[in-house]
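[1] Prediction below, plus the sequence it came from.
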Amino acid sequence: MANISHNGCSRQTALGKTIFDYADDLQIQVPSSCGRSGICHECIVAVKHGSEALESRTEAESFLQGNYRLACQAIITNSEVDVEFQLLRRRPKILVTTEIAESEVDSPITRDRDQVYYNGTVLDRYRGCLHGVAIDLGTTTVVIELVDLETGVVRCVSSMGNPQQFGGSDVMHRISYDSGRFRGELNKAIVQGINKELQHMCKTFGFERQSIYEIVVAGNATMRDLFFNLDVQSIGQRPYKSSIEHEYLAGARSTTTLIELAHRLGLWAHPKARVYGPPLIASHVGADTVSALIAIDAEAQNETFMLVDIGTNTEVVLWSPKRKLAASCPAGPAFEGGLVKFGMPGCDGAIQSMRLADGRFAYDTIGDVEAEGICGSGLVDLLATLRANALMSPKGVFSDRSYELQIVPERGITLSREDASNLAQAKAANYCGQFILMRELGVNPQDISRVYLAGGFANYIDVPNAIEIGLLAAVPPDRVVKIGNAALCGARRMLLSKGRREAAERLVKMIQHVELETTPDFFEIFVEGCQFKPMQEIVQPSQLAKV
């Protein structure tokens, strides 16, 4: 008999049972609100192995492609084949009563005794608390903060995998998916996912959803506009601009900021709660980058710095007193758990750091449990270790010319040439963004006073190793500052401050967008960036501009 498994836990399969039935057996909480009839489309799972053991897709699953299924519809029809599945939304992990508190609280939501106001207009009666929600809407992951609008204190933080992944691992695939007959499914998936988190918060802390009066959503142009249920097709075509940006450039709008009422988006909040989407810089460089700039108070800085927000879609901002440049780098999911056979997100069982000791790979895992795969920080360490020990050439060829290296033999974890190639291309996208902006501004890495590393993956990488393989520009490591989830921090600051929203509007007008792919020698730079070696000097000293 075969087994069905999820995250290392398994049960013996039997004909006629659904994946949802096995999730019950394994005590896995699968999202659902339709009584398992296939109507709500919430119980999407990725079948990692054994799709052939399942009955063909039902009509309720017609919106899904590839290895995605509805758990309530996927029935075992072959009990001789092992099946492995994974939830798109991991069970929410909530951190309560965090230490984060914003000193600047100037929210449009205020209270006078038992009346709640929005910009001076009565909105509601006081229900015991005033809540706002800040959301970092990433392509791969979503992080949500519940914030007290009177004190600026973050009451809790919740995270989940982005439930839109069935539409593709990157924004271009999601744009393509949303153009078909299932237009709106991606919006439905993210709204349902966020609502589940908000409902869980309400239950945990014992408050009414009507006490959520404002929501700020930071995401790239595609993620933000999908959330607001807008047509995103123009973002996938030259010049890669959203319909909102086109309207702004045509003079039909005064800003690219979006504001909508919660009830029109179907969100679990006060019906008249405002949902605020910060402005865009240009093309794919969106509200998440603006939020990160707000987080580091970019307007107040008078030095030359670089902001690098590494993710499925990496954004780079190079800022000097005279010029401000930004670019978007479609890196893909290789460093975030995709396109690498044993790649995985940063969760329990992921190898997060790695080194060579006595001829074997020594490693540490998240949660200090048995290794299941390798997350982004571990992959950076692995690549740097292979290069430092002459086990791999700069072009990703293993020294013994093999196709695959055994990394953790006792767990069956390997790295293949194909894996290395996918990592090289993801790295090259990041390389190109930094290299081209530095060349455009006329500076070398050593001329940059500070590099701000943003994003969950960047927060855990070993900086010298990232520099050694060319993922980061070769700045002195002591100038690199990890700022964590800056998009979420900036979203929270804008949630609590009208002044910071005004600053966001000023910022987007200061920054010049650079389209990397229109650079005449882009292909040559990309090919160079695919090599696992440090970034070379950008411009000769005689060419340096005074910035």
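    That came through, no problem.
[2] domain parsing for the protein?
    As recorded under automatic domain parsing, the domains making up the chain are 3-87, 93-277, 296-332+422-543, 340-415.
[3] To residue 289, which of these lies closest?
    Of all those, domain 296-332+422-543 sits nearest to residue 289, with 4.4 Å by C-beta to C-beta. For glycine as for every other residue, the C-beta is placed from the backbone atoms N, C-alpha and C.
[4] Now for residue 302, how many residues are close by?
    Using other C-beta atoms under 10 Å, residue 302 has 9 neighbouring residues.
[5] So it: helix, strand or coil?
    Following DSSP: H, G, I helix; E, B strand; the rest coil, we place residue 302 in the coil state.
[6] Quick one: residues contacting the residue nearest the centre of the chain.
    For the chain, the residue nearest the mean C-alpha position is residue 138 (3.1 Å; C-alpha atoms, centre = their mean). The contact partners of residue 138, by C-beta atoms under 8 Å, 6 or more residues apart in numbering, come to 162, 219, 223, 288, 311, 312, 487.
[7] State the pLDDT value of the fifth one.
    Looking at residue 311, its pLDDT stands at 85.
[8] Next: the third one.
    We have a pLDDT of 97 for residue 223.
[9] next one: residue 100
    Residue 100 is assigned 57 on the pLDDT scale.
[10] in the helix of greatest length in the chain, what's buried?
    Using DSSP state H to define each element, the chain has its longest helix at helix 417-441. Buried residues in helix 417-441, counting neighbours by 16 or more other C-beta atoms under 10 Å, are found at 417, 419-420, 422-441.
[11] Quick check: which ranges of this protein have low pLDDT?
    89-102, 539-547 (pLDDT under 70).
[12] got the domains of the chain as JSON lines, with distance to residue 284 columns?
    Output for the domains of the chain, formatted as JSON lines (distance: least, C-beta to C-beta, whole Å):
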{"stretch": "domain 3-87", "distance to residue 284": "23"}
{"stretch": "domain 93-277", "distance to residue 284": "6"}
{"stretch": "domain 296-332+422-543", "distance to residue 284": "4"}
{"stretch": "domain 340-415", "distance to residue 284": "20"}
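[13] what number of residues lie near residue 241?
    Residue 241 has 21 neighbouring residues, counting by other C-beta under 10 Å.
[14] and the residue lying closest to it once chain neighbours are set aside, backbone torsions?
    Nearest residue to residue 241, sequence neighbours excluded (C-beta to C-beta, 6 or more residues apart in numbering): residue 283, at 5.5 Å. In terms of degrees, to the nearest 10, the main-chain angles of residue 283 are phi 50, psi -130.
[15] Residue 283 touches residue 239, doesn't it?
    Yes - Residue 283 is in contact with residue 239 according to C-beta atoms under 8 Å; the separation is 6.8 Å.
[16] what's the overlap in contacts for those two?
    The contact sets of residue 283 and residue 239 overlap at residue 515 (C-beta under 8 Å, 6+ apart).
[17] From residue 498, how far out is residue 146?
    The gap separating residue 146 from residue 498 is 20 Å, by C-beta to C-beta, to the nearest Å.
[18] one step back: give me the buried subset of the contacts of residue 138.
    162, 219, 223, 288, 311, 312, 487.
[19] ok, how many other residues are close to the closest residue in space to residue 532 that isn't next to it in sequence?
    Among residues not flanking residue 532 along the chain, residue 469 sits closest, at 4.5 Å (C-beta to C-beta, 6+ apart). When neighbours are defined as other C-beta under 10 Å, residue 469 has 26 of them.
[20] Next, give phi and psi for residue 469.
    Per degrees, to the nearest 10, the backbone of residue 469 is at phi -100, psi 0.
[21] Can you name the residues that contact it?
    Applying C-beta under 8 Å, 6+ apart, we find residue 469 in contact with 380, 383, 384, 387, 427, 532, 533, 534.
[22] Residue 14 reaches residue 79, doesn't it?
    Yes - counting by C-beta under 8 Å, residue 14 touches residue 79, with 6.2 Å between them.
[23] So for these two, which sits in the more crowded spot?
    The neighbour comparison of residue 14 against residue 79 (other C-beta under 10 Å) goes to residue 79, with 17 against 13.
[24] Relative to residue 169, how far out is the residue lying closest to residue 249 once chain neighbours are set aside?
    Setting aside the residues directly before and after it, residue 249 is nearest to residue 241 in space (C-beta to C-beta, 6+ apart), at 7.5 Å. Going from residue 241 to residue 169 by C-beta to C-beta gives 23 Å.
[25] Kindly report the same for residue 2.
    As judged by C-beta to C-beta, residue 2 and residue 169 stand 28 Å apart.
[26] the more surrounded of these two?
    Using other C-beta under 10 Å as the criterion, residue 2 and residue 169 rank with residue 169 on top: 20 against 17.
[27] Verify the stated contact: the more buried one with residue 338.
    Yes - using C-beta under 8 Å, residue 169 is in contact with residue 338, at 4.8 Å.
[28] Show me the helices in this protein, by range?
    Using DSSP H, helices in the chain cover 19-25, 171-178, 185-205, 221-227, 243-249, 262-265, 287-295, 376-388, 417-441, 463-468, 486-496, 498-510, 522-529.
[29] quick one: contacts of the third one?
    For helix 185-205, contacts defined as C-beta under 8 Å, 6+ apart pick out 31, 33, 40-42, 44, 63, 89, 92, 94, 96, 133, 135, 137, 142, 144, 146, 155-156, 158, 160, 162-164, 166-167, 174, 177-178, 208-209, 212, 226-227, 229, 265-269.
[30] Name the nearest residue to residue 299, sequence neighbours excluded.
    Of all residues not flanking residue 299 in the chain, residue 503 sits nearest, at 5.8 Å (C-beta to C-beta, 6+ apart).
[31] correct me, but the one you found touches residue 300?
    No - using C-beta under 8 Å, residue 503 is not in contact with residue 300; the gap is 9.6 Å.
[32] Among those two, which residue is more densely surrounded?
    residue 503 (20 against 7).
[33] how close does that one get to residue 296?
    12 Å.
[34] likewise residue 434?
    Using C-beta to C-beta, one obtains 17 Å as the distance from residue 434 to residue 296.
[35] With residue 316 as the reference, measure out to residue 329.
    From residue 329 to residue 316 the distance is 7 Å (C-beta to C-beta).
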